[in-house]
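# Kindly return the folded structure for what I paste below:
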Amino acid sequence: PSLWGLYTLRSSPYFPATLRSATAATPLGLFVGRERERQLLLTTIGSTRSSRQAVAGRPGSGKTTLVQAVKADAREAGYWTSSEIISLGSEASSEDLLGRLLNGAYDAVLASFPTASGPAVEAAQQLVRSFRLRGGGFSASAFGFGAGGTQTEGVSTPPSALVLDGPRVLRDLLAYAQAQGAQGLVLHLNNLENLSEADADRAADLLRSIRDQALLLDGLHLIVVGTTDAVRTVVQTHTQIRSVFSDPQVLQPLELEDGQKLVANRYAALQMGPGQPWRAPVESAVVERLYMLFRGDLRGMLKALEDGMTALLGLTAPATSAGAAPVGMDDLLLVLRQRNQQELKDQLGPTAWERLLAWGNRDPEAFEIQTALVTLWGVSQPAVSQTLQQLTAAGAVEALPRKGRDPIQYVLTGTARLAF
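Next up is the predicted model:
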C-alpha cells in the first residue's frame, strides 16, 4: 500500500510533472497564481489573426505549466490546440523544425476535431507520417515545471516533399481549421532550458529561416518557452524575428502564499475521500523554508519534498496511519543533506566536489562571477569555466540572466545548498 496513505493521501502530492488538461494525475485545476501573465498571453492571442509570444524565467518557475493553462483557456475560447510540446533545439535543420510545426498543427487539429477529414488533412497526414517514420517526431515530454523534458531526435535529411510542400500543407491545414470554426491554432515551442550560448544562437537562426514560410501564417499562434537568456537570444537576436515577436514575458518567482496554496491544493485533490480529510505530511514551516532555499524554484522544492519524504516514510512509517504527524524541518534536512551530498559527490567526482565544497563553506548564498572563482579555487579561468559547466549540468549551480555587459553571475541551487 502507498505510504502516503499515512496522511490519507492517494499518492505523493509533491510530483514535479507539468500540469496538463484532461489528465487525472496532473490536472490543470491545481494551477495557482500568474493571473496577470495568463491574461496578457490570452489577450495577445485574441487580438490578432496570428501571434508570436515568448515566456521566459528561471528553471522551475512554472513557465510550461502557465502555457498549458493558457492553451486550455484558448481552447475554451474556440482555438484548437493540444497538450503536446514542440521541441525547439539547436541540432535540427530548418526543414526539421518546419516538420515539427506541421506535426504540432496536425496534432492540434485531431485533438480538437477527431473526425477531421478532407484534402488538407490527408495531405498533412501523409507528410506527418513520412516525417515520423524517418525519425523526426516533434514533441518534448513535459516532465518538470518548464524543464523541457526529453527531446526526440530530429532528422538531418527530411523528406523532399516536406521541403517543397510543407509550408503550403501547413497553410492549408490552418485554413481548414478556421473553416471548421476554429479561431486559430495555438502551438507551444519548448526545450530552451539550459541551452548554451552557441545552441541558442543556432536556434535563433532556425527560427529566422522559417519566418516567412511558417511563423506569419494566418491563424497560427506560437508561444516559445525557455530560460531568460535563451529566450532573449532566440527571439531577439535577429531583427526579422524580433520585429514579429511580442516582448518576452519574464516570470518572477511566485509569491510564497501562492507556493503554499499550490501545495495545499494538491493535498486536497489527493485526499482519499470526503470522510477522510488529508493531513499535511510536513509542517507548514518546511514548505516556507524550502521555498526560500530554492528561491522560488517550484520544481526543485517539490523534488526535495518528494525525495526527503519518500526516504523518511520508507524508514520510519508505522504499520498503521494512526498518529502520523507532519515531518519537521530538522528531520527532513538530515535526510536531504546526506542524500544530496552523496549524489553530488558521485556525479561530480573529487575535484569538482572539492571546488563546490569550497564555495559552499565560504558562503552558500553568495553570487559569484568567474574571476572571483579563479581566486577561490586557485585555478585558471578556462578551468573555472569547465567546472561551472560540470556543476550546472549536475544541477548544483545556476547561471543568472545576464544584465547588459556585466559578467554572468552564478549561484548555488537549492539542491546544492541542501547538501551543506
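
# Only the buried residues of the helix or strand where residue 127 lies, if you could.
For residue 127, the host element (DSSP states H and E) is helix 119-133. Judged by neighbour count using 16 or more other CB atoms under 10 Å, the buried positions of helix 119-133 are 120, 121, 123, 124, 125, 127, 128, 130, 131. For the C-beta atoms, the positions are set from N, CA and C on the backbone; glycine is no exception.

# Quick one: the strands in the chain, in order.
Taking DSSP state E to define them, one finds strands in the chain at 51-57, 86-87, 185-192, 220-226, 249-251, 367-368, 397-399, 410-412.

# Make CSV out of those and add distance to residue 16 and mean pLDDT.
Listed next are the strands of the chain as CSV, based on distance: least, CB to CB, whole Å; pLDDT from 0 to 100:
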stretch, distance to residue 16, mean pLDDT
strand 51-57, 16, 94
strand 86-87, 19, 84
strand 185-192, 16, 86
strand 220-226, 16, 94
strand 249-251, 17, 93
strand 367-368, 26, 94
strand 397-399, 16, 91
strand 410-412, 20, 94
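
# thinking again about what came up before, put the alpha carbons of the helix holding residue 127 into PDB.
C-alpha atoms of helix 119-133 as PDB (Å, rounded to 0.1, in the frame of the first residue of the first chain):
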ATOM      1  CA  PRO A 119      -7.700  17.000 -48.800                       C
ATOM      2  CA  ALA A 120      -5.900  19.400 -46.300                       C
ATOM      3  CA  VAL A 121      -6.000  16.800 -43.500                       C
ATOM      4  CA  GLU A 122      -4.900  14.000 -45.800                       C
ATOM      5  CA  ALA A 123      -2.000  15.900 -47.200                       C
ATOM      6  CA  ALA A 124      -0.900  16.800 -43.700                       C
ATOM      7  CA  GLN A 125      -1.300  13.200 -42.600                       C
ATOM      8  CA  GLN A 126       0.900  12.000 -45.400                       C
ATOM      9  CA  LEU A 127       3.800  14.400 -44.700                       C
ATOM     10  CA  VAL A 128       3.500  13.800 -40.900                       C
ATOM     11  CA  ARG A 129       3.600  10.100 -41.300                       C
ATOM     12  CA  SER A 130       6.600  10.300 -43.600                       C
ATOM     13  CA  PHE A 131       8.300  12.600 -41.200                       C
ATOM     14  CA  ARG A 132       7.700  10.400 -38.200                       C
ATOM     15  CA  LEU A 133       8.700   7.200 -40.000                       C
END
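
# Could I get the average pLDDT for it?
The average pLDDT within helix 119-133 is 87.

# Could you list the buried residues of stretch 356-368?
Buried residues in stretch 356-368, counted by 16+ other CB under 10 Å: 356, 357, 359, 360, 364, 368.

# for the protein, which spans come out with low pLDDT?
Scanning the chain for pLDDT under 70 picks out 1, 21-25, 89-92, 133-163, 191-196, 315-323.

# pull the longest helix from it.
Looking across the chain with DSSP state H, the single longest helix is helix 329-362.

# Pull out the buried residues from that one.
Quick answer for helix 329-362 (16+ other CB under 10 Å): 329, 331-333, 335-336, 339-341, 343-345, 348, 352-353, 355-357, 359-360.

# Same question for stretch 11-18.
For stretch 11-18, the neighbour count (16+ other CB under 10 Å) marks 12, 13, 14, 15, 16, 17, 18 as buried.

# And the helices in the stretch 201-350 of the chain?
Ranges of helices in the stretch 201-350 of the chain, per DSSP state H, counting those that start in this stretch, are 228-236, 239-242, 256-269, 284-293, 298-316, 329-362.

# closest to residue 6 out of those helices?
The closest of the helices of the stretch 201-350 of the chain to residue 6 is helix 298-316. By CB to CB, the value is 6.9 Å.

# Centre of the chain to the closest one, how far?
Counting by CA atoms, centre = their mean, to the nearest Å, helix 298-316 is centred 20 Å from the centre of its parent chain.

# please renumber so the chain begins at 28
Will do, 28 is the new start, and the previous item becomes helix 325-343.

# Now do residue 375 against residue 368, distance only.
Using CB to CB, to the nearest Å, one gets 11 Å for the distance from residue 375 to residue 368.

# Who are the contact partners of residue 104?
The neighbourhood of residue 104, defined by CB atoms under 8 Å, 6 or more residues apart in numbering, consists of 69, 73, 210.

# and these as CSV, adding neighbour count?
As requested, the contacts of residue 104 are exported to CSV (neighbours: other CB atoms under 10 Å):
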residue, neighbour count
69, 19
73, 16
210, 18
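
# Return the closest of those with respect to residue 301.
Of all those, residue 69 has the smallest distance to residue 301: 34.0 Å, by CB to CB.

# Not counting residues beside it along the chain, what's closest to that closest one?
Sequence neighbours aside, residue 100 is the residue nearest to residue 69 in space, at 5.5 Å (criterion: CB to CB, 6 or more residues apart in numbering).

# Reformat the buried residues of stretch 383-395 as CSV; add distance to residue 215.
Formatted as CSV, the buried residues of stretch 383-395 follow (distance: CB to CB, whole Å):
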residue, distance to residue 215
383, 35
384, 40
386, 36
387, 37
391, 35
395, 34
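
# Of the residues you listed, which pair is most distant in space?
It's 384 and 395 that sit farthest apart of these, by CB to CB, at 14.1 Å.

# which non-adjacent residue is nearest residue 310?
Leaving aside its chain neighbours, residue 310 sits nearest to residue 353 (4.6 Å; criterion: CB to CB, 6+ apart).

# That'll do, ta.
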